[in-house]
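Chemist: Following is a predicted model, sequence given first.
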Amino acid sequence: MWGMNSGKGNSNVLIIGSGAREHALGFFISKSADVGKVFFANGNAGTLLDGFENIGLKVEINNYARLAEFALEHECVTIVGPEEPLANGIVDVFNSKGARILGPTKDAAMLESSKVYAKEFMRKHGIPTPPFRVFDDPNKAKDYIASLKDDERVVVKADGLAYGKGVIVCNSKEDAYSAIDRIMIAKEFGSAGDRIVIEKRLYGEEASFICLCDGNSIMPLATSQDHKRLYDNDEGPNTGGMGAYSPNMLIDGDDELYKQIIHGIMEKTIHGLRSDGREFKGFLYAGLMISNGEAYVLEFNVRLGDPECQVILPRLESNLLDYVNHAIDGTLDQLEPLQWSKKYALCVVLASKGYPFRYEKGKVITGLRSNNNGRVANYNDVFVFHAGTTFNQQGQIVTNGGRVLSIVALAYSMRDAIDKAYRLVNTISWDGMHYRKDIGLKALKYL
Ligand code: GLY
């Protein structure tokens, strides 16, 4: 059965991370004929239910040297899910020990770990991005806001990592003053807010574009679209992502736009990093704003998106491990373009009450047992990827994080994918479960 640690192949895989993105990565890479065991540092209840091994009891998961030793002992290729270990240099540690790992080095990961670095990099290399200013003094930042015309709108961003929550989109000068206070005075995101970027707010449609990179060339993944705001109709605070769909017809339906993104953004970025001495291997993610038919980079991430990964990988028909190995070896140009199913994929994220701020844990999740015993339901093209889940002492699956489950459906139309995903969502519940009811609806206008 897919997903079980059957030991059927020659190559073991270690996935770093505990979210639904990592669950999906492990699940789909286990489909490759070459893959033997899949380990997670540290996974969740879903990765255990799928028969994979969570290694947190054996290895302290923040000890990168020990993780590298584990990977060497078990002959693993390691893939890193989240940004934090990349920003902290996990790839550098693995490389120094000769352990195979996919991801950017600490220097290259600064594209995500410092918004100031990323914006200055884009300016230097002529990559389209909204105009910006950098401030380390809140008073000077407020003076700048005061100097703007009344109808000019900005986005205020904490420089450092803030899990998608350090970006505050402002509708007025008052919003901007309050964002500066929250980030620089109240230190809502800690030292990540020592510096800020104030960026001109662009209007248009957001899109996610992700490539696998080998340091020199890029291999585009299927296009996708995230839903970052907490509430329907794109209202409420930014989150890590409340749902996604793939493909993104806005990009796929416009050849000129697609070429601009490939040549004017993704290739330029990889070559710019290389010429700056920061070779980038791994998944490069551009968060774009499409405004008047042109793409602008709002932010870079140095990893797969979550929940974008959960809608991209179910559509992949190529051997994922093969591409991962070529990316590590710098030989992606030897491979054919990745092959994608014609089906549409939709993901609805089920979150805890209070997310993206304080939330409670330990709520018993009902409905999962009827869905293939809580495992990834890989029948009839529906999938349940776990994120913040664990077992309580009675063996029940309980919530253990802000984003708890990703419910994914594949279908030959977006309408069917939406209906199929929400039918499954309606069978699952816990006290305080929150989700958006409008995931994918904006895609219908392109069909
Ligand atoms: N979905 C946005 C992110 O992964 O940061």
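Modeler: Received it, and whenever you're ready, just let me know what you need.

Chemist: Near the ligand, which residues of the stretch 151-300 of the chain? Just list them.
Modeler: Within the stretch 151-300 of the chain, the positions near the ligand by C-beta under 6 Å from any ligand atom are 164, 226, 240-241. Quick note: C-beta positions are derived from backbone N, CA and C, even for glycine.

Chemist: Top of these by number of neighbours, please.
Modeler: Most neighbours among these, by other C-beta atoms under 10 Å: D226, with 26 neighbours.

Chemist: Let me see the backbone angles for it.
Modeler: Main-chain torsions, D226, degrees, to the nearest 10: phi -90, psi 170.

Chemist: same thing with L316?
Modeler: Dihedral angles (degrees, to the nearest 10) for L316: phi -80, psi 130.

Chemist: show me what contacts it?
Modeler: 28, 222, 338-341 (C-beta atoms under 8 Å, 6 or more residues apart in numbering).

Chemist: Among those, which ones are in helices?
Modeler: Using DSSP state H to define helices, the subset of the contacts of L316 located there is F28.

Chemist: Show me which of the contacts of L316 are buried.
Modeler: The neighbour count (16 or more other C-beta atoms under 10 Å) marks 28, 222, 338, 340 as buried among those.

Chemist: which among those gets closest to the ligand?
Modeler: A222 (14.9 Å; C-beta to the nearest ligand atom).

Chemist: Check the gap between the closest one and T399 for me.
Modeler: Counting by C-beta to C-beta, to the nearest Å, the gap from A222 to T399 is 30 Å.

Chemist: about what we covered before: could you dump the residues of the stretch 151-300 of the chain next to the ligand to a markdown table with secondary structure and pLDDT?
Modeler: Shown next, in a markdown table, are those (DSSP: H, G, I helix; E, B strand; the rest coil; pLDDT from 0 to 100):
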| residue | secondary structure | pLDDT |
| --- | --- | --- |
| G164 | coil | 70 |
| D226 | strand | 94 |
| G240 | coil | 90 |
| G241 | coil | 94 |
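
Chemist: could I get the residues you listed as CSV with distance to D419?
Modeler: Putting those into CSV (distance: C-beta to C-beta, whole Å) gives the following:
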residue, distance to D419
G164, 28
D226, 21
G240, 25
G241, 21
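
Chemist: Out of those, flag the one nearest to the ligand.
Modeler: When these are compared against the ligand (criterion: C-beta to the nearest ligand atom), the nearest one is G241, at 3.3 Å.

Chemist: show me what contacts that closest one?
Modeler: G241 touches 164, 226-228, 305-308, 349, 403, counting by C-beta under 8 Å, 6+ apart.

Chemist: Which of the residues you listed scores worst on pLDDT?
Modeler: Ranked by pLDDT, these bottom out at G164 (70).

Chemist: The closest residue to L25 other than its chain neighbours pairs with what?
Modeler: Take L25 and drop its neighbours on the chain: the residue closest to it by C-beta to C-beta, 6 or more residues apart in numbering is I15, 5.5 Å away. In this entry, I15 is beta-bridged to F40, I79, by DSSP bridges.

Chemist: what number of residues lie near I15?
Modeler: 27.

Chemist: any idea how far it lies from the ligand?
Modeler: 16 Å (C-beta to the nearest ligand atom, to the nearest Å).

Chemist: Can you name the residues that contact that residue?
Modeler: So I15 contacts 22, 25-26, 29, 38-41, 43, 78-79, 81 (C-beta under 8 Å, 6+ apart).

Chemist: Let me see the mean pLDDT of stretch 404-423.
Modeler: Stretch 404-423 comes out at a mean pLDDT of 97.

Chemist: Please save the CA atoms from that stretch in PDB.
Modeler: Taking Å, rounded to 0.1, in the frame of the first residue of the first chain, the C-alpha atoms of stretch 404-423 are listed here in PDB:
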ATOM      1  CA  VAL A 404      -4.600  21.100  11.800                       C
ATOM      2  CA  LEU A 405      -5.600  19.300   8.600                       C
ATOM      3  CA  SER A 406      -5.400  19.800   4.800                       C
ATOM      4  CA  ILE A 407      -8.300  18.300   2.900                       C
ATOM      5  CA  VAL A 408      -7.500  17.800  -0.700                       C
ATOM      6  CA  ALA A 409      -9.500  16.700  -3.700                       C
ATOM      7  CA  LEU A 410      -8.700  16.100  -7.300                       C
ATOM      8  CA  ALA A 411     -11.300  16.200 -10.100                       C
ATOM      9  CA  TYR A 412     -11.600  16.900 -13.900                       C
ATOM     10  CA  SER A 413     -13.200  20.300 -13.200                       C
ATOM     11  CA  MET A 414     -12.500  22.900 -10.500                       C
ATOM     12  CA  ARG A 415     -16.200  22.900  -9.500                       C
ATOM     13  CA  ASP A 416     -16.100  19.100  -8.900                       C
ATOM     14  CA  ALA A 417     -12.800  19.500  -6.900                       C
ATOM     15  CA  ILE A 418     -14.400  22.200  -4.700                       C
ATOM     16  CA  ASP A 419     -17.500  20.100  -4.100                       C
ATOM     17  CA  LYS A 420     -15.600  16.900  -3.400                       C
ATOM     18  CA  ALA A 421     -13.200  18.600  -0.900                       C
ATOM     19  CA  TYR A 422     -16.000  20.300   1.000                       C
ATOM     20  CA  ARG A 423     -18.000  17.100   1.200                       C
END
